[in-house]
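Engineer: Predicted structure and sequence below. I'll ask about it afterward.
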Amino acid sequence: MTLFPHTRLHLPDPHPNVTAVSELPTAHGLVWVASVELQRLHVGTFENDGNGAATEFVPYDTSVYGEHEFEAFAAACLRDGAPVSAERVIELLVEEYDTALMVREVSGHTGTYVRQVRGGRTVGYSEAENRPVTRAGRLELARQLAPRPIHGRDAITWEMWTGERWQPLPIPLYD
């Protein structure tokens, strides 16, 4: 199984990949479509109408790869050791694609990206001017990102992209 570094999604091989995403803001929300390939062959799209409807896989040619094959693939996927729904698998494949594009920009730079995580879901990204390599540096970055603690179900943790993986930042002690 392959582990995607940005979403922690374990997926069987061969697996579909998102190769492009197009978005359009509308009065009903953000509408988007993602191109999907399997072993370099276009097999369909992931689509979201932006009106609260489900995100879905739309096959290009069901004789090659259809909804049943995608459902079987999604059923074999795991995140943090637990199964995930087909719709969540779609969201994670798109997030993996988007995040990989974003962090590619910092390769070779002194800065990096950090992300906010709540309840196992990424809720936001920010740029960091530097990529600390020591625990003290990571603790200082965490203090800058979270000047006050947030507890309970709204608790947010921060992770920093190291260039290879997302590393949780230490939780600062507050006075």
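Structural biologist: Great, that's in hand.
Engineer: Grab the nearest non-local neighbour of the residue nearest to the spatial centre of the chain.
Structural biologist: The structure's the chain has its C-alpha centroid closest to residue 95; by C-alpha atoms, centre = their mean the separation is 3.3 Å. The shortest distance from residue 95 to any non-neighbouring residue, by C-beta to C-beta, 6 or more residues apart in numbering, is to residue 7 (5.4 Å). Any C-beta I mention is one placed from the backbone N, CA and C, and that applies to glycine too.
Engineer: how about that neighbour, what does it touch?
Structural biologist: By C-beta atoms under 8 Å, 6 or more residues apart in numbering, the contact list for residue 7 reads 79, 92, 93, 95, 96, 99.
Engineer: same question, residue 30
Structural biologist: Here residue 30 is in contact with 23, 24, 48, 50 (criterion: C-beta under 8 Å, 6+ apart).
Engineer: hey, what's it bridged with?
Structural biologist: According to DSSP bridges, the residues that bridge with residue 30 are residue 25.
Engineer: ok so residue 136 is a helix residue?
Structural biologist: Yes: under DSSP: H, G, I helix; E, B strand; the rest coil, residue 136 falls within a helix.
Engineer: can you count the residues close to it?
Structural biologist: By other C-beta atoms under 10 Å, 10 other residues sit near residue 136.
Engineer: out of the contacts of residue 7, who's nearest residue 16?
Structural biologist: residue 93 (6.8 Å; C-beta to C-beta).
Engineer: ok, the closest one to residue 34 distance?
Structural biologist: Noted for residue 93: a distance of 8 Å to residue 34, by C-beta to C-beta, to the nearest Å.
Engineer: overlap in contacts of the two?
Structural biologist: Each of 18, 46 lies in contact with both residue 93 and residue 34 under the rule C-beta under 8 Å, 6+ apart.
Engineer: And the helices in the protein?
Structural biologist: Using DSSP state H, the helices of the chain run over residues 67-75, 86-104, 135-145.
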